[in-house]
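Asks: pasting the structure only:
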């Protein structure tokens, strides 16, 4: 019996090696997202990372943006249930921006006009949201059903982010695809937070998008994530990250989620695909999804520009607009170099995105 056990052990070890190697090779990431739903761009972007065998998602922190944070938490919890990833903690975060308020924004409209999209402040503009406007603590009935799992309440999102980065120094990438309120608060509390990461991936900002879409053609430096909390974007972009990768409007509008793509995804019997098949009704740009996919596969980005980027904090019509400089004309301030993505291999991106949405749930490792 002992001989058989001894001979069996090497065979067992050999069988486990691919699994162990896969777990060890996974890159650690913290998702900070405005998780409107069901399905739609915010949820699909998180799913890109949750479905990938390359990524170990340590947790998801929520922030108000496209919807109010308390509702986003519920949509995200339910998404995790439906795609079989309830191992990932969801941590509530900032409900309101650092400075900008809904009331002040209403007053600004009288002076400067309106934008097509106001996210959680849906009654301010001509929103196309499927969810009627409501206050921050009103919880509408979820189309996809109510989650049975609960958010993590041991700590808030900011302290969760700080704790995870300190637990895995220089190993974690921050993926931030909503307003940057939680990230700015983490930097303000812990001045070493940014430098202890591997870097940050941000979906935000706009430079000079080539489009006739009136949302951007008439306001080429306006982008919702930076606009919703300009002070948070300013703090985040000024921090000393090892690397900053920025997916702007300019490259995002080169992507599109189509009915043909959804039909392809819906042909898979796996939980993520069926979640999208049942609840996705939003066919638009794949902004956040591109930021996530480009982190997984950098070859998706075929061209970038290195710029110094900040946000206009001047109260007026350009409050929240993106500022950028080359090395030759940047101000004598502590602005940081940013890798601004400008072009992509669209077929490579679409292929990866569809494959991940069709894939089975990832096997959970013991990294956390």
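Replies: Happy to help now that I have it. The shown structure was predicted, so the numbers you read here are calculated from the model rather than taken from an experiment. Residues are numbered from 1 along each chain as shown.

Asks: quick check: residue 245 touching residue 205?
Replies: No. Using Cβ atoms under 8 Å, residue 245 makes no contact with residue 205, being 11.5 Å away. (C-beta placed from N, C-alpha, C; glycine too.)

Asks: of those two, which one has the most company?
Replies: Legend: neighbour count by other Cβ atoms under 10 Å for residue 245 and residue 205, higher for residue 205 (28 against 22).

Asks: for the closest residue to the more buried one other than its chain neighbours, give the beta-bridge partners.
Replies: Among residues not flanking residue 205 along the chain, residue 322 sits closest, at 4.2 Å (Cβ to Cβ, 6 or more residues apart in numbering). When assigned by DSSP bridges, residue 322 has beta-bridge partners residue 311.

Asks: list the contacts for residue 322?
Replies: The contact partners of residue 322, taken as Cβ atoms under 8 Å, 6 or more residues apart in numbering, are 205-207, 221-223, 226, 248, 309, 311-312.

Asks: among those residues, who's most crowded?
Replies: Counting by other Cβ under 10 Å, top hit in those: residue 226 with 30 neighbours.

Asks: let me know the secondary structure of that residue.
Replies: Using DSSP: H, G, I helix; E, B strand; the rest coil, the three-state assignment for residue 226 comes out as helix.

Asks: pretty sure it contacts residue 311?
Replies: Yes. Using Cβ under 8 Å, residue 226 is in contact with residue 311, at 5.3 Å.

Asks: shared neighbours of those two, anything?
Replies: Shared contacts of residue 226 and residue 311 (Cβ under 8 Å, 6+ apart): 233, 320-322.

Asks: farthest pair within those?
Replies: Greatest spacing in the shared contacts of residue 226 and residue 311, by Cβ to Cβ: 233 and 321 (10.4 Å).

Asks: who's more crowded, those two?
Replies: residue 233 (32 against 21).

Asks: thought that one was touching residue 309?
Replies: No. Counting by Cβ under 8 Å, residue 233 stays clear of residue 309, with 9.1 Å between them.

Asks: joint contacts of these two?
Replies: Between them, residue 233 and residue 309 share these contacting residues under Cβ under 8 Å, 6+ apart: residue 205.

Asks: just the contacts of residue 322: which are in strands?
Replies: Within the contacts of residue 322, residues falling in strands by DSSP state E are 309, 311.

Asks: which parts of the chain are helices?
Replies: Secondary structure of the chain (DSSP state H): helices at 2-25, 40-50, 69-82, 102-112, 157-167, 181-189, 214-217, 224-228, 230-238, 249-252, 259-266, 271-279, 287-296, 346-358.

Asks: could you give the angle of the third one to helix 157-167?
Replies: So that's helix 69-82. 50 degrees (axes from the mean of the first three to the mean of the last three Cα atoms, to 10 degrees).

Asks: show me what helix 69-82 is packed up against.
Replies: On a contact count with 3 or more Cβ pairs under 8 Å, 6 or more residues apart in numbering; DSSP states H and E, helix 69-82 meets helix 40-50, strand 55-62, strand 90-91, helix 271-279.

Asks: please name the residues that touch the residue nearest the centre of the chain.
Replies: Central residue of the chain (Cα atoms, centre = their mean): residue 177, 2.8 Å from the mean position. Going by Cβ under 8 Å, 6+ apart, residue 177 touches 31-34, 42, 45, 202-203, 225, 287-288, 291-292.

Asks: would TSV of those residues with distance to residue 89 and neighbour count be doable?
Replies: Formatted as TSV, these follow (distance: Cβ to Cβ, whole Å; neighbours: other Cβ atoms under 10 Å):
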residue	distance to residue 89	neighbour count
31	11	28
32	13	28
33	13	28
34	17	28
42	18	27
45	18	26
202	22	27
203	22	26
225	23	27
287	25	23
288	20	28
291	21	25
292	18	29
